[in-house]
Every structure is written in structure tokens, then in C-alpha cells.
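1. please find the sequence and the predicted model below.
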Amino acid sequence: MNQPKILDVDIALVDKAISLWKQSELVAIPTETVYGLGADATNGEAVACIYSVKSRPQFNPLIVHVATAEIARQYVVWNDIAESLADAFWPGPLTLVLKRCVNCTISELVSAGGDTIAIRVPAHPIALQLLKAWNGGIAAPSANRSGRISPTTADHVREELGDAIPLIIDGGACDVGIESTVVDCTGPEPIVLRAGAITRAMVEQVTGLASPAPAAPGAQLLSPGQLASHYAPTLALRMNAMNVKANEALLTFGPNPISGTAYQLNLSATGNLIEAAANLFAYLRALDRPEFSGIAVMPIPNEGIGEAINDRLTRAAAPRD
Ligand code: AMP
Ligand code: MG
């Protein structure tokens, strides 16, 4: 049971992981917290596969893993708070939430449609070895099916996902129990969104800034679905549309789209739900323009990752204040 930590892997295995990522495949990798289910963070369809393999019924934003702070700065708007925290705690169990930069190449699905990215440099030597070779961002949530316990050995991952993914890199047992602390660095003061091994006091000490305490003892931290930055279209959204009204924009799905408007986009002309998930947020944004009266959305099958697509659409369609 007590497996030792493994400190490096063969170059051939690194090459194999890189080539699978390039082919939009998923590779499970060890980190110092738990095993991650990794995909090329810039590839929407690969990221959609993460949600699909995990059977996640919702699009929660994912943490992007990179080898260095320099690489992180290619994707986000860097600032002094991020600089001091990264300097002090990277590589390590600290995730920084920062604004997506202009021309950010990370898939919008990683941000679950929001305008921020959660990013970190993990401390596990094998994760670093792989990320250095990759030289970009790998999106990776824990490598378990939704609702199951996070895996801390390669065997756990094999039991849960062995049939579903082509490669699991064995790094031995993870140093269990250290969750990455998630800190929102987008405002004037750092806000701890998820408590972890790096404490609020440590964040305050390193940045020299006060970090607001959670509202009340034991109060819920803001979950990403509640964050104001979470994208919802400005226009009213109508689901399961079988026709389109004058002036509505239209989001279609499948080989037989309804028509009748000048402005329509098809999430997947072949009826592929993975492709649809990869396109969802970018297409909603593209249709969300003041010249339209609303967005009509054709029915999306509520199976597999379709459940997460419908969850997001339902929330976007809900009446707002
Ligand atoms: P996990 O990958 O399972 O360790 O969980 C990722 C954590 O990071 C979750 O608690 C998310 O809510 C949080 N997270 C990821 N991306 C963002 C983001 N853009 N803004 C705020 N929180 C995030
Ligand atoms: Mg998890």
C-alpha cells in the first residue's frame, strides 16, 4: 500500500505523453496533490473530453498546469500580487486566478466561459518534467469520475479510468492531503477562494496585503458557478427551440439545423457532443449582440457531455434580476 514516490520517468514515456496530448488525447499525470487528468489546455475538444471522461454534469473551470511563471504569463494578465505569490510558492500547491490576456490561446471551456484562468506550477518532479517538455498549458482536474474520491496512486486511476484513457504516468503515491490553495488575484487584494496548505496568513505575509476573511466562520467560499465573472449572455436565451423568431440569433446542433435567421452558428454539424461542448462558450459570445432580440437554441441531447451543455444553457436561460 505504501508506494514510494517516483522521481522521474523515461524520456520515451515523456515523448509518448507529449504526442498523445498533441493528438487531443488525455494522459493522467501525478502531481503533489492528486493525480490529474491532463489535456492540451488550448484544445477545446481535448478539454471537452476531460468533462466527458469524468462524466461531469457541469462545466466547472479547470486548473491549468504550467512548468514556469514565464509560461503562465503568456496566458494571463500578470500583476504584482501574482508575482510575489508565484515567487514565494511556485512550484507548489498554490493556484492563482487571473484575467485571461488578450489573444489568450487557452480554450474558453477551461474557464467555463468566464474571463479568468486558474493556473499553477505543480511541485511533483514528474509533472514538471512533462510540463517542461510540453512547454505550454495542461488543463487537469483530479483523475476520477465525477463524485468519486480523488486518486493518489496510479492504481486508483487505472481502476477508475483505465479503459477510458490511453496513458497513465505512474509517479508513485502523491503527498496526500495538500490541496492547492486557490487565490483570486484579479483585484486590489488577494482573496482565498479555496483554503489549502498555503494559508491566508502566508498569502498576506508574502504580498504585504490584507486578504479579506470569509464572510462568517464556516461560510461557503464563492464557488465558480456563482462568481460574477462567470459568463452568462446578456440576451435572453430560449432552449429547445424548434423554430426561430424574427431578429433572434440561432444556435443549432446536428445535420438538420432549423433555419430562418441571418445569423446562426452550428455547435456541431455532425451531431458530435464533444465538438459542441468545445464550441459552446465561444459561439454564445459570438451570438450575444445587441442587434438581436434573443438567442434561440435547438434541442441538445441530454446524454453524456450533453448534460453539462444543457446545465449551462439552463442557467443562462434562467430569468435574471
Ligand atoms: P480541482 O482541479 O478539482 O483541484 O479544482 C479546481 C478548483 O479551482 C475548483 O475549486 C475551482 O472552483 C477552482 N477554479 C478553477 N478555475 C477557476 C477560476 N477561473 N476562477 C475561480 N476558481 C477556479
Ligand atoms: Mg476533483
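-> It's in. Ligands and ions are numbered 1, 2, ... in the order given.

2. any figure for the gap between residue 260 and residue 289?
-> Residue 260 sits 18 Å away from residue 289, taking Cβ to Cβ, to the nearest Å as the criterion. Just so you know, the C-beta spots here come from the backbone N, C-alpha and C atoms, and that holds for glycine as well.

3. my bad, residue 122
-> Remark: distance between residue 122 and residue 289 (Cβ to Cβ) = 40 Å.

4. any low-confidence regions in the stretch 151-300 of the chain?
-> Regions of the stretch 151-300 of the chain meeting the criterion pLDDT under 70 cover residues 177, 215-231.

5. 50 instead, please
-> Screening the stretch 151-300 of the chain residue by residue with the criterion pLDDT under 50, one finds the ranges 223-229.

6. please list all residues in contact with the residue lying closest to residue 188 once chain neighbours are set aside.
-> In this structure, residue 188 finds its nearest non-sequential neighbour in residue 209, 7.8 Å apart by Cβ to Cβ, 6 or more residues apart in numbering. Going by Cβ atoms under 8 Å, 6 or more residues apart in numbering, residue 209 touches 81, 188, 189, 190.

7. got a list of what residue 156 touches?
-> Counting by Cβ under 8 Å, 6+ apart, residue 156 touches 35, 144, 149.

8. say whether ligand 1 is contacted by stretch 142-150.
-> Yes. With Cβ under 6 Å from any ligand atom as the threshold, stretch 142-150 lies in contact with ligand 1, specifically through residue 142.

9. what residues sit buried inside that stretch?
-> 142, 143, 144, 150 (16 or more other Cβ atoms under 10 Å).

10. likewise stretch 175-182?
-> The neighbour-count check on stretch 175-182 (16+ other Cβ under 10 Å) flags 178, 179, 180, 181, 182 as buried.

11. swap in stretch 51-69?
-> Neighbour counts using 16+ other Cβ under 10 Å place 51-54, 56, 59, 61-67, 69 of stretch 51-69 among the buried residues.

12. then stretch 16-28?
-> Of the residues in stretch 16-28, 16, 17, 18, 20, 21, 24, 25, 26, 27, 28 count as buried by neighbour count, 16+ other Cβ under 10 Å.

13. centroid residue for the chain?
-> The structure's the chain has its C-alpha centroid closest to residue 62; by Cα atoms, centre = their mean the separation is 2.1 Å.

14. so how far is ligand 1 from it?
-> Spatial separation of residue 62 from ligand 1 under the definition Cβ to the nearest ligand atom, to the nearest Å is 6 Å.

15. mind listing what the spatially closest residue to that residue that is not a sequence neighbour touches?
-> Closest residue to residue 62 apart from its sequence neighbours, by Cβ to Cβ, 6+ apart: residue 139 at 4.4 Å. When contacts are counted by Cβ under 8 Å, 6+ apart, residue 139 touches 38-41, 47, 50, 62-65, 106-107, 110.

16. want to try JSON lines for the residues you listed, with distance to residue 12 as columns?
-> Formatted as JSON lines, the entries for the contacts of residue 139 read as follows, by distance: Cβ to Cβ, whole Å:
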{"residue": "38", "distance to residue 12": "18"}
{"residue": "39", "distance to residue 12": "21"}
{"residue": "40", "distance to residue 12": "20"}
{"residue": "41", "distance to residue 12": "24"}
{"residue": "47", "distance to residue 12": "26"}
{"residue": "50", "distance to residue 12": "25"}
{"residue": "62", "distance to residue 12": "28"}
{"residue": "63", "distance to residue 12": "28"}
{"residue": "64", "distance to residue 12": "26"}
{"residue": "65", "distance to residue 12": "22"}
{"residue": "106", "distance to residue 12": "28"}
{"residue": "107", "distance to residue 12": "28"}
{"residue": "110", "distance to residue 12": "29"}
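
17. now do the strands in this protein.
-> Taking DSSP state E as the criterion, the chain contains strands spanning 27-29, 36-40, 63-65, 94-99, 116-120, 138-139, 167-168, 181-184, 191-194, 237-238, 248-252, 264-266, 294-297.

18. and of those strands, who's closest to residue 9?
-> Checking the strands of the chain against residue 9 by Cβ to Cβ gives strand 27-29 as the closest, at 9.8 Å.

19. one step back: between residue 122 and residue 289, which one's more packed in?
-> Between residue 122 and residue 289, counted using other Cβ atoms under 10 Å, the more crowded position is residue 122 (29 against 13).

20. residues from this protein in reach of ligand 1?
-> 60-63, 95, 97, 111, 114, 116-118, 141-142, 182, 193-194, 224.
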